[in-house]
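> structure for this input, please:
(4 chains)
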Number of protein chains: 2
Amino acid sequence: MKEIDFSGCPIMSSLSGERIKNLFEEIEFKINTYKKGDIVARQGSPCKYLNILLAGAVKTEMVAENGSVMTIENIAAVRPLASAFLFAENNIFPVDVIATDFCRIISIPRDEVLKMFQKDAGFLESYIKYNSNKTQFLSTRLQTLNIKTIKGKLAFYILEGLNKNLVLNPGNNKFRMDRNQTELAKYFGVSRPALARCISEMEEENIILIEHKEVKVINRAALQNLLG
Amino acid sequence: MKEIDFSGCPIMSSLSGERIKNLFEEIEFKINTYKKGDIVARQGSPCKYLNILLAGAVKTEMVAENGSVMTIENIAAVRPLASAFLFAENNIFPVDVIATDFCRIISIPRDEVLKMFQKDAGFLESYIKYNSNKTQFLSTRLQTLNIKTIKGKLAFYILEGLNKNLVLNPGNNKFRMDRNQTELAKYFGVSRPALARCISEMEEENIILIEHKEVKVINRAALQNLLG
DNA sequence: ATATTTGTGTAACAATTATGACAGATTAAT
DNA sequence: ATTAATCTGTCATAATTGTTACACAAATAT
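The predicted structure is shown next:
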């Protein structure tokens, strides 16, 4: 019990440490560990537990049959994994979940989660909210894919990154990417050389300037125009 | 009251007609009608109500800034609309919702829905389940988009369509598409001529045969190979 | 039955991206 | 500090798809 720390977990946010302790004394669960590179869950395998990443980080990837891979998202502790699929009729993992670091993951059986819902309305509400946010995320991801050109995807990504930092640095025109070029290409589902070429061109056109992972926006209007 | 018929609605399935009647006597709601072509909700507008399509049909589309459109799904009554976004932090419609037929839509305020959760656990459970299924759907949609080639998308679509009919016609190699070529191109987010060309080529290669909306699979293994 | 609209097949050409390959730069490991 | 591994910039070529255009077929309306 002592080893479970849910602080920062969005679906546990409404619960006090005391409350969590009580809840987990009454339910069944198990904890597994994984090392970097381990496959935590396979695309297509059934999802019977609420899995919460207690420590470490994972990435989720979608694999097409020919092996072409698209990274969906990177997840760092403490966060639930695939919580949206636990109660679906076809409750299978839509992605590969791969440890990108040493990981500790708690697995709570479906039925125990239902019990927790009954015992604590706050938990239920944050669960619904979290899944809503998740769906929103998938929608945004769909939107990115709906943009056909690489320049457009990049523009979308940069404008989004700028907005996220807006609260921290209002009026700022810089931000730091959390991916390198290779990872970014995977995220977009495009080839790396093609992405590099687009970056070069956009730098030549004085729209952006990228140094390492630092992105500086020079012509914001031009970025907006690229979105289509 | 007499005009509300939720039969067939997945999030109301656990409730008896009597129960629904009682619930809806205690809560606030409104009903609007739309004619074919009307915009029910705009991409980006806030989602403050649980909207349930009581009669008619709508389509949801994602619009990129340059106007390129991708149809996400077609929805026929009785179904909730964008139920997954109601409780998200950023509760905005991710899509345009457009009436494809005369529609009646009931709108229940967010807070009233919360009340209904408290009053009826069955409703709550089916709500969670429905949203889970929705997320699964979006994932599948992402998967389709992750397939790069048009032939691959088409192969995925056909194999999926075949599977859906499997229960009705086991071992069958035919099915009827619910979209015409133009709609299918929009669904894939590709140009119509390019789709037509791919169909032609796949027919020449003796993989499929499409007549009107009737699809016949001749070489299933070849379809599998195209998935990548 | 005829006119109108909508859907389909096809073509030439342009634009974009993938592929594979390589050298140089950067970062991490020892 | 040096080596090894990874990342980046670039290129030529091939493959795929978009664009625009047009003729014809099919469905729908009058």
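> number of nearby residues for A:F188?
A:F188: 24 surrounding residues under other C-beta atoms under 10 Å in any protein chain shown. Glycine gets a C-beta too; all of them are placed from N, C-alpha and C.
> state the distance from it to DNA strand D.
13 Å (C-beta to the nearest atom of the strand, to the nearest Å).
> so that residue touches A:L195, yeah?
Yes. With contact defined as C-beta atoms under 8 Å, A:F188 reaches A:L195; the gap is 6.7 Å.
> domain map for chain A?
Listed domain ranges for chain A are A:10-140, A:147-226 (source: automatic domain parsing).
> distance to DNA strand C for the ones you listed - can I get that in CSV?
Conversion of the domains of chain A to CSV gives the following (distance: least, C-beta to the nearest atom of the strand, whole Å):
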stretch, distance to DNA strand C
domain A:10-140, 7
domain A:147-226, 3
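> of the ones you listed, which is nearest B:N225?
domain A:10-140 (8.3 Å; C-beta to C-beta).
> is that closest one anywhere near DNA strand D?
No. Figure legend: domain A:10-140 not in contact with DNA strand D (C-beta under 7 Å from any atom of the strand); closest approach 11.1 Å.
> dump the domains of chain A to JSON lines, plus mean pLDDT.
Compiled in JSON lines, the domains of chain A are given as follows (pLDDT from 0 to 100):
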{"stretch": "domain A:10-140", "mean pLDDT": "88"}
{"stretch": "domain A:147-226", "mean pLDDT": "89"}
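> to B:I218, which of those lies closest?
domain A:10-140 (19.8 Å).
> measure the closest one end to end?
Start-to-end span of domain A:10-140 (C-alpha to C-alpha, to the nearest Å) is 20 Å.
> tell me how far A:R192 lies from chain B.
15 Å (C-beta to the nearest C-beta, to the nearest Å).
> how close does that residue get to B:F123?
In this structure, A:R192 and B:F123 are 49 Å apart, going by C-beta to C-beta, to the nearest Å.
> okay, these two: which has more neighbours?
Taking neighbours as other C-beta under 10 Å, A:R192 and B:F123 compare with B:F123 leading, 21 against 15.
> any idea what sits nearest that one, other than its immediate chain neighbours?
B:M116 (5.5 Å; C-beta to C-beta, 6 or more residues apart in numbering or on different chains).
> my guess is the one you found meets B:S126, correct?
No. Counting by C-beta under 8 Å, B:M116 does not reach B:S126; the two are 11.2 Å apart.
> returning to what we had before: contacting residues around the residue nearest to B:F123?
Counting by C-beta atoms under 8 Å, 6 or more residues apart in numbering or on different chains, B:M116 touches B:23, B:27, B:108, B:123-124.
> do the same with A:P10
Each residue near A:P10 by C-beta under 8 Å, 6+ apart is listed here: A:79-80, A:126, A:129-130, A:133.
> now swap in A:K35 and tell me
A:99, A:102-103.
> which of the residues you listed ranks first by neighbour count?
Ranked by neighbour count (other C-beta under 10 Å), the contacts of A:K35 have A:C103 at the top, with 23 neighbours.
> pretty sure that one is touching A:L53, no?
Yes. Counting by C-beta under 8 Å, A:C103 does reach A:L53; the two are 6.3 Å apart.
> which residues do the two both contact?
Common neighbours of A:C103 and A:L53, using C-beta under 8 Å, 6+ apart, are A:A77.
> chain center to stretch A:9-29, what's the gap?
23 Å (C-alpha atoms, centre = their mean, to the nearest Å).
> which SS class is the most centrally placed residue in chain A?
Taking C-alpha atoms, centre = their mean as the criterion, A:E73 is the residue nearest the geometric centre of chain A, at 3.6 Å. Three-state call for A:E73 (DSSP: H, G, I helix; E, B strand; the rest coil): strand.
> contacting residues for it?
A:E73 neighbours (C-beta under 8 Å, 6+ apart): A:59-60, A:137, A:141.
> what do you get if the cut-off is 6 Å, keeping everything else the same?
A:T60 (C-beta atoms under 6 Å, 6 or more residues apart in numbering or on different chains).
> cool, thanks, signing off.
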